[in-house]
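Q: Sequence plus the predicted model coming up.
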Amino acid sequence: MINRFYLKNYLTFSETELEFKNGLIVFSGISGAGKSVLMESILSLFGLKNAKAELIEGSIDSLGFDLEEFDLSSEDEAVFKKIQKDKSRYFLNNQTLSQKSLSDIASKFIRYIHIKDNSDFSNDNLLEVIDLSLGDDVEFVQTKDEFKAKYSEFLKSNSELNKLIEEEKNIEELKEFIAYEIKKIDDINPQIDEYEELSHIKKQLSQKEKIEKAIEKANGVFDYTSSVNQALSLLEIDSSFFDDAINELNNIFEKAGDKLHLLEDTNIDEVLTRIEQLSHLQKKFGSIEECLAYREQKKQELTRYENISFEKSSLEKKVKQLKAQIEYLADGISEKRKNALKIIEQKVNGYLEYLYLSDSSFEIAKTTISQSGSDEVKVSLKDAKLENISSGEFNRLRLALMAVKSEYALSNNGVLFLDEIDANLSGKESDAIGKVLEQIAKKYQIFAISHQAQLTSRANQHFLVEKTNGESVVFEISGEKRVNEIARMISGEKISDEAITFAKNLLGV
């Protein structure tokens, strides 16, 4: 429920603060006073309109659902805010969010119903009304849950089967391509760390001649070994350190010579060719390890393609079984819905009597199976299709359906905004709509603009919108002021005694 609303600097409104209660809330006033502007600003707070006010703020006493990203539980108060400077900015409990995110959140508890809105008669909504009425039927609920699970499994398996069928059409090409990819790698037969080893050999080969010349030249140091030993002896210094160093140097040169000798049989062209092949694989796959992993993956794919006929046959059998199961479950759901629909039709027609309309007709027909089952609900009024009835008839039929749905609604947190719900109707018809809205208001907070005394007199809260010197103001009215406003709606600006009397009778005062 929206319990508080604040508006600053929007068109004809400079500053307005209102407190709302539950039930039916009606805004009245002469044409051009600012009723639609006010309604638009409230809707804008929730991202459903785009009123460029300096500031709009409002609070909901409980959303009825959790919003973990905003640290809100279902019972917490939620504060919405919209600020307009160079652009519109939206906040929920001081956390910023986009208009799209805001409207997505608001759509969970707010419905804005306007003349062109026919979503109440969408198949999904009609099925929702039926299913809500069956909420206490344990068998129906279990069947529906089982159907949803099986249908989800059917969609997944059928998708996998269709993919296999497509693959099978090109199976030979796929197998040929994969075999070719595997062969390209097998022909090179790369080994882990081989590239690094060959790169080292390449470096050694490039320096072989330089190393040989350097060692040959350095070998001259050994010609002076005896002279150094003699000098150390005369100096009475132990020459063992020098002998060890000479021996170590000799060993290093011998090992280097052996390695260089082995390189004499190495074909540098073959090494360079091999390095180039490995380098190509590394560039393509990232590393030799990834190349080998890719080869293993392709081998597994090739094995799978060779077994695809068996896999396809198994999936076909599974899809066939699942289809039979969901069709059986959908038939069970349909039977329950058909029985429930008779009761809903009676209830809708009961409201239509209040609304001075002939009986409606609800029928269930078979349609393509979907997440909702295999049912399509068809609605007509006086044997006429919905697209062929008048806007007034459509609005009253929609209102009757909403009233029935409200009987089965599980929560009391919904908010409805009604756009000219009683426009172009007689006083008798407006009074009938007021009676139906009283029923809906037991479960929903309803905001409406009305030009009819009959509907307005049934409001739980009545707000008057006035404009003076180009500035609009809005305030709650009761007592004599409310009697006078309803009398004005009856007789016009010149309020007659008869209108006063009629207004008092409507209000029961």
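A: Looks like it came in fine.
Q: N9 and A51: what is the separation?
A: 11 Å (C-beta to C-beta, to the nearest Å). For the C-beta atoms, the positions are set from N, CA and C on the backbone; glycine is no exception.
Q: who has more neighbours, these two?
A: A51 (21 against 13; other C-beta atoms under 10 Å).
Q: Now for the residue nearest to that one when sequence neighbours are not counted, how many residues are close by?
A: Distances taken as C-beta to C-beta, 6 or more residues apart in numbering place S44 nearest to A51, at 3.7 Å, with adjacent residues excluded. Using other C-beta under 10 Å, the number of residues around S44 comes to 22.
Q: list the contacts for S44?
A: N50, A51, A53, I56, K82 (C-beta atoms under 8 Å, 6 or more residues apart in numbering).
Q: Which strand or helix spans the closest residue to the first one other than its chain neighbours?
A: Translated: N50. Sequence neighbours aside, S44 is the residue nearest to N50 in space, at 6.0 Å (criterion: C-beta to C-beta, 6+ apart). For S44, the host element (DSSP states H and E) is helix 35-45.
Q: Check which element follows that helix along the chain.
A: strand 55-60.
Q: Which strands border the helix or strand that that following strand is followed by, and is each parallel or antiparallel?
A: Helices and strands here follow DSSP H and E; after strand 55-60, the next one along the chain is strand 78-84. Counting by DSSP bridges, the strands paired with strand 78-84 are strand 55-60 (antiparallel), strand 88-92 (antiparallel).
Q: got the buried residues for strand 78-84?
A: Judged by neighbour count using 16 or more other C-beta atoms under 10 Å, the buried positions of strand 78-84 are A78, F80, K81, K82, I83, Q84.
Q: what number of residues lie near the closest residue to the fifth one other than its chain neighbours?
A: Pointing back at I83 there. Once flanking residues are discounted, I83 sits nearest to R89: 4.9 Å by C-beta to C-beta, 6+ apart. A count of nearby residues for R89, using other C-beta under 10 Å, gives 14.
Q: give me every residue that touches R89.
A: So R89 contacts K82, I83, T96 (C-beta under 8 Å, 6+ apart).
Q: Out of the strands paired with strand 78-84, the one nearest L397 is which?
A: L397 sits nearest to strand 55-60 of all those, at 30.2 Å, using C-beta to C-beta.
Q: to the chain's geometric centre, what's the distance from the closest one?
A: 25 Å (C-alpha atoms, centre = their mean, to the nearest Å).
Q: got it, and stretch 105-116?
A: 18 Å.
Q: Please apply the same query to stretch 27-41.
A: 34 Å.
Q: In it, which of the residues would be classed as buried?
A: Under the neighbour-count criterion of 16+ other C-beta under 10 Å, stretch 27-41 has F27, S28, G29, A33, G34, K35, V37, L38, M39, E40, S41 buried.
Q: Next, format those as a markdown table and append pLDDT and distance to Q452.
A: Shown next, in a markdown table, are these (pLDDT from 0 to 100; distance: C-beta to C-beta, whole Å):
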| residue | pLDDT | distance to Q452 |
| --- | --- | --- |
| F27 | 95 | 13 |
| S28 | 93 | 9 |
| G29 | 93 | 13 |
| A33 | 92 | 16 |
| G34 | 93 | 19 |
| K35 | 93 | 13 |
| V37 | 94 | 20 |
| L38 | 95 | 18 |
| M39 | 94 | 16 |
| E40 | 94 | 21 |
| S41 | 95 | 23 |
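Q: could you dump the buried residues of strand 78-84 to TSV with pLDDT?
A: Formatted as TSV, these follow (pLDDT from 0 to 100):
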residue	pLDDT
A78	89
F80	94
K81	95
K82	95
I83	95
Q84	91
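Q: Closest to G434 out of the residues you listed?
A: F80 (29.1 Å).
Q: you'd agree that closest one is up against N94?
A: No. Between F80 and N94 there is no contact under C-beta atoms under 8 Å: 10.6 Å.
Q: State the helix or strand in which the spatially closest residue to A459 that is not a sequence neighbour lies.
A: In this structure, A459 finds its nearest non-sequential neighbour in V26, 3.8 Å apart by C-beta to C-beta, 6+ apart. V26 belongs to strand 24-28 when assigned by DSSP H and E.
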